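K.L.:
following is a predicted model, sequence given first.
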Amino acid sequence: MAGSIKQLRVRIKSVNSTRHLTKAMGLVASSKIRTTSDAMNRSKEYALAVHETIEQLTACKECEKSPYMQAHQTGVTRLIVIAGDRGLAGGYNANIFRLMREYPDATVIPIGKRACERYGKQAVLAEHFSYADARELAVGLCRDFCAGAFDRLGIVYTKYHSMMSQEASVQWVLPLERTAQGPTHSAIFEPDELSVLNEAVPEYVTGILIACVKESVASEVAARRVAMDSAEKNAQEMLDDLNLEYNRARQGAITQEITEIVAGSGL
């Protein structure tokens, strides 16, 4: 009985320690939610504005001559894979890597510590990935695409729906496709549409990339908050069960001692 009580004490201490840890991580995630959400919304607005400009340009017949609208036949797909910098975020990282199983032959550019560890590259933290980093990467990718190094470029990231719902997705960036519907308003581009498109594409890729990174970071924080809340709740339920079992064990031990004392006094 004494051994059982001692084991219960150790388990209660361990579970209580875990509960404090998950609560602290949940509070940290909560403090980051607003910051990451604001950054995500700002980057989305910028990406949408650049995308609308690109749609106007690709609707022009002359822009079909752009190297960014040409299909290559190399058979190579290049994917930028954005995962988390840490674990303990539910299925956030697992969902990204599960989606990547659909592209076993793709060449990968990882962003985020977990992605870099998985694909054996130097760590690039998603949380600290800046516009300058995105611009540098985008310029190199655009240069490689024009040189015919790969057929298409995509970004594997986590789409944010709500605090409770995030989804691993692929956004295809290159080659550009002409929209079925022309622009809703006319614009004049100088010196001409083709020149402007070729100059604008690196900025377009930069905008899409930084928006996907910021959205993934916001999704990671939200997923971690939900996971830690759930873990804290489960730890508390386990703690309540263990305390109940511990109190019963102590009551049984005390009853046994009293019984032995009474029996001994009767002798």
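P.N.:
Yep, that arrived.
K.L.:
low-confidence ranges in this structure?
P.N.:
Where the chain drops to pLDDT under 70, the residues are 1-3, 180-186, 260, 264-267.
K.L.:
pick out the residue nearest the middle of it.
P.N.:
The residue lying closest to the centre of the chain (C-alpha atoms, centre = their mean) is S216, at 3.8 Å.
K.L.:
contacts only, for it.
P.N.:
82-84, 112, 126, 157-158 (C-beta atoms under 8 Å, 6 or more residues apart in numbering). C-betas here are computed from N, CA, C, even on glycine.
K.L.:
out of those residues, which comes closest to T22?
P.N.:
G84 (16.9 Å; C-beta to C-beta).
K.L.:
quick check: that closest one is in a helix.
P.N.:
No - G84 is assigned coil when assessed by DSSP: H, G, I helix; E, B strand; the rest coil, not a helix.
K.L.:
all helices in this structure, in order from the N-terminus.
P.N.:
Using DSSP state H, the helices of the chain run over residues 2-58, 92-99, 113-118, 131-146, 193-266.
K.L.:
what's the angle between the first one and helix 193-266?
P.N.:
Computed by axes from the mean of the first three to the mean of the last three C-alpha atoms, to 10 degrees, the angle separating helix 2-58 from helix 193-266 equals 170 degrees.
K.L.:
what is helix 2-58 packed up against?
P.N.:
helix 193-266 (3 or more C-beta pairs under 8 Å, 6 or more residues apart in numbering; DSSP states H and E).
K.L.:
repeat that with 10 Å
P.N.:
If you count contacts as 3 or more C-beta pairs under 10 Å, 6 or more residues apart in numbering; DSSP states H and E, helix 2-58 packs onto helix 131-146, strand 152-162, helix 193-266.
K.L.:
ditto for the third one
P.N.:
Helix 113-118 is packed against strand 77-82, helix 92-99, strand 107-111, with contacts defined by 3+ C-beta pairs under 10 Å, 6+ apart.
K.L.:
single out the most deeply packed of these.
P.N.:
Stretch with highest mean neighbour count among those: strand 77-82 (a mean of 23; mean count of other C-beta atoms under 10 Å).
K.L.:
what's the angle from that strand to strand 152-162?
P.N.:
Using the same axes, to 10 degrees: strand 77-82 against strand 152-162 is 30 degrees.
K.L.:
strand 77-82 packs against which elements?
P.N.:
For strand 77-82, the elements it packs on are helix 92-99, strand 107-111, helix 113-118, helix 131-146, strand 152-162, strand 165-174, helix 193-266, judged by 3+ C-beta pairs under 10 Å, 6+ apart.
K.L.:
how does it look with 7 Å?
P.N.:
strand 107-111, strand 152-162, helix 193-266 (3 or more C-beta pairs under 7 Å, 6 or more residues apart in numbering; DSSP states H and E).
K.L.:
how close does Y103 sit to D144?
P.N.:
Applying C-beta to C-beta, to the nearest Å, the value for Y103 to D144 is 18 Å.
K.L.:
ok so, going back, most neighbours per residue, which of the helices and strands packed on helix 2-58?
P.N.:
strand 152-162 (a mean of 20).
K.L.:
that strand pairs with which strands, parallel or anti?
P.N.:
Here strand 152-162 has these sheet partners by DSSP bridges: strand 77-82 (parallel), strand 165-174 (antiparallel).
K.L.:
may I have it exported as CSV, CA atoms only?
P.N.:
What follows is strand 152-162, C-alpha atoms only, in CSV (Å, rounded to 0.1, in the frame of the first residue of the first chain):
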residue,chain,number,x,y,z
ARG,A,152,6.7,25.0,-62.1
LEU,A,153,7.1,26.7,-58.7
GLY,A,154,4.7,26.1,-55.8
ILE,A,155,4.5,27.0,-52.1
VAL,A,156,3.5,24.4,-49.6
TYR,A,157,2.1,26.2,-46.6
THR,A,158,-0.7,26.2,-44.0
LYS,A,159,-3.8,28.1,-44.9
TYR,A,160,-5.5,29.9,-41.9
HIS,A,161,-9.3,29.5,-41.8
SER,A,162,-9.9,30.2,-38.1
